[in-house]
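Chemist: The following block contains a protein sequence and its predicted model.
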Amino acid sequence: MDRPKRNFLKIAGLTGVGAYVGFKGAEAIGNKPGKAKKKLAMVVDTRKCKGDCPDCIVACHREHNVPEEHNPNFKGPGPKAAQGIKWIWTSTFGGAFHEQVHERTGRRKDPLIVLCNHCDDPPCTRVCPTQATWKRESDGIVTIDMHRCIGCRFCMAACPYGSRSFNFFDPRRSLKAVKPDFPTRTLGVVEKCNFCVERVSEGLEPACVVACTKKALAFGDLNDKNSPASKALVGVHSITRKPTLGTGPEVYYVL
Amino acid sequence: MADDKDIEKTEEKYEPTVYKYRRPEDGRYLHSDDAKSDMPLIVLGLGVFVALMLGATMASRGMGKFRTQPAIELPKHEKFCVRDVEFMRENHMKLLDDWRDQVVRDGVRNEKIPRRDASGKVMKDASGKTVYQTIERSLTKTCLRCHDNPKTFCDSCHQYAGVIRSGGSNIVCFHCHIVPNPKPKTGR
């Protein structure tokens, strides 16, 4: 056997092995974020929702026993008393989409409903020292295990959307009526929107979606083309908050 | 003469000292058993001590009655728990932890348990297979549906066993989980 042929066979073999390993590696990296069976998402239609009614906020906070701790610094619309601890609340177009607006954007100061984005690659779950918060593999909901939360607030620092609130006080202090089926929180834990995980498990839609009288909110699995959320995104222009951070928000805003 | 007098004195008969615990007849050292006994005093003192300790214990247990079992209030409308009594007595805390992990971490909310008839026997269908019923793994919706007053159920036993501070519900479960329609401790 002459030299060049032997070398050629060696190189060909190594190339094959290299290609296989590279392919598998790329596949593994590609699988890491957002490759859930379901991909639950919410679509807020800002053509219908003007952010000026408190229906979804009231429904959510009543559903989840969210205490009405008063935040005196809050200046936006909506029930002011409910802004201390918030699961879904009112921001402004300019505040929520500061990357996407400019000085002359007409709706810059318009109110906008914001909530936890249940990101594809959530920074909050990565920093949790006790693994009390994580992204569910089955449906992509970013959830909190209150039993494990030690109240370190790393997740609050990591979240670029301010979606998480801390219980500085015993939440039952300011709860007038409680819904017994859903637990309150306790002093010193972090809480946020859970995409109504307890309702979704029973096949119901989230409380805010049901409560919206303008039918501006759509919820569903984006991997299923027939879900309300998928349908709401067809043929319209939609944006997400802070896309350059690469968190992959699952709350979409139709303009 | 002064010298003679001194000699006389030294020749006096030696009288040995009578010690308390030496018998005067033969000078033998007495054993404590032989001594004039302090036993009545000792018995009296012990009696006083025991009476005081018993009195204190009985007073703290309430009106002279020794409580041998914690007074727990059982559900009136339900006879059978999700597991049998022996299992629950020993393992309820493990079961609750398991339920918590299953529901919160894995999202598995329901489980199947054998259905029981009025006498407590596991029900079988015509072909001899066990009949199951589905229950929700939920403290508020399942446990508290029957044990509707944690003060007279959980707390009572936990105080007896000394696993919580006495007085009030100190079980951390109820810092977050809500007791539906909490009832006062008495008057039910």
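Modeler: Noted; the coordinates are in hand. Numbers count the residues shown, from 1 in each chain, chains lettered A, B, ... in the order given.

Chemist: in the chain, which segments are predicted with low confidence?
Modeler: No chain in the question, so chain A it is. Residues of chain A meeting the criterion pLDDT under 70: A:1-2, A:26-36, A:70-83.

Chemist: My question was about chain B, not that one.
Modeler: Residue ranges of chain B with pLDDT under 70: B:1-12, B:16-24, B:27, B:29-37, B:61-68, B:165-170, B:182-188.

Chemist: switch the cut-off to 90
Modeler: B:1-41, B:54-81, B:84-85, B:89, B:106-107, B:114-131, B:141, B:145-146, B:148-175, B:178-188 (pLDDT under 90).

Chemist: Do a quick rundown of the strands in it.
Modeler: Here chain B has its strands, by DSSP state E, at B:110-114, B:132-136.

Chemist: just the stretch 151-255 of chain A next, same as before
Modeler: Using DSSP state E, counting those that start in this stretch, the strands of the stretch 151-255 of chain A run over residues A:165-166, A:190-191, A:217-221, A:238-239, A:251-254.

Chemist: picking that back up, quick one: the strands of chain B as a markdown table, columns for mean neighbour count and distance to chain A too.
Modeler: Placement of C-beta: from N, CA and C, glycine included. As requested, the strands of chain B are exported to a markdown table (neighbours: other CB atoms under 10 Å in any protein chain shown; distance: least, CB to the nearest CB, whole Å):
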| stretch | mean neighbour count | distance to chain A |
| --- | --- | --- |
| strand B:110-114 | 13 | 10 |
| strand B:132-136 | 13 | 10 |
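
Chemist: returning to that earlier point: right, so of the strands of the stretch 151-255 of chain A, which gets closest to residue B:130?
Modeler: Checking the strands of the stretch 151-255 of chain A against residue B:130 by CB to CB gives strand A:217-221 as the closest, at 35.9 Å.

Chemist: Can you tell me what sits against that closest one?
Modeler: Strand A:217-221 is contacted from outside by A:38-45, A:49, A:56, A:139, A:205-206, A:208-209, A:227-232, using CB atoms under 8 Å, 6 or more residues apart in numbering or on different chains.

Chemist: Tell me the residues of chain A that contact chain B?
Modeler: Counting by CB under 8 Å from any CB of the partner chain, the residues of chain A close to chain B are A:65, A:136, A:138, A:143, A:145-147, A:178-187, A:197, A:201.

Chemist: now, which of the contacts of strand A:217-221 lie within helices?
Modeler: Counting by DSSP state H, the contacts of strand A:217-221 place A:56, A:208, A:209, A:228, A:229, A:230, A:231, A:232 in helices.

Chemist: so how far is residue A:8 from the last one?
Modeler: Translated: residue A:232. The gap separating residue A:232 from residue A:8 is 57 Å, by CB to CB, to the nearest Å.

Chemist: Neighbour count: these two, which is higher?
Modeler: Per other CB atoms under 10 Å in any protein chain shown, whichever of residue A:232 and residue A:8 has more neighbours is residue A:232, with 23 against 10.

Chemist: and the more buried one, what is it in contact with?
Modeler: Counted by CB under 8 Å, 6+ apart, residue A:232 has contacts A:43, A:45, A:218, A:252, A:254.

Chemist: The third one pairs with what?
Modeler: This points to residue A:218. residue A:43 (DSSP bridges).

Chemist: ok, back up a step: out of the strands of chain B, the one nearest residue A:13 is which?
Modeler: Closest approach to residue A:13 among the strands of chain B (CB to CB): strand B:110-114, 54.0 Å.
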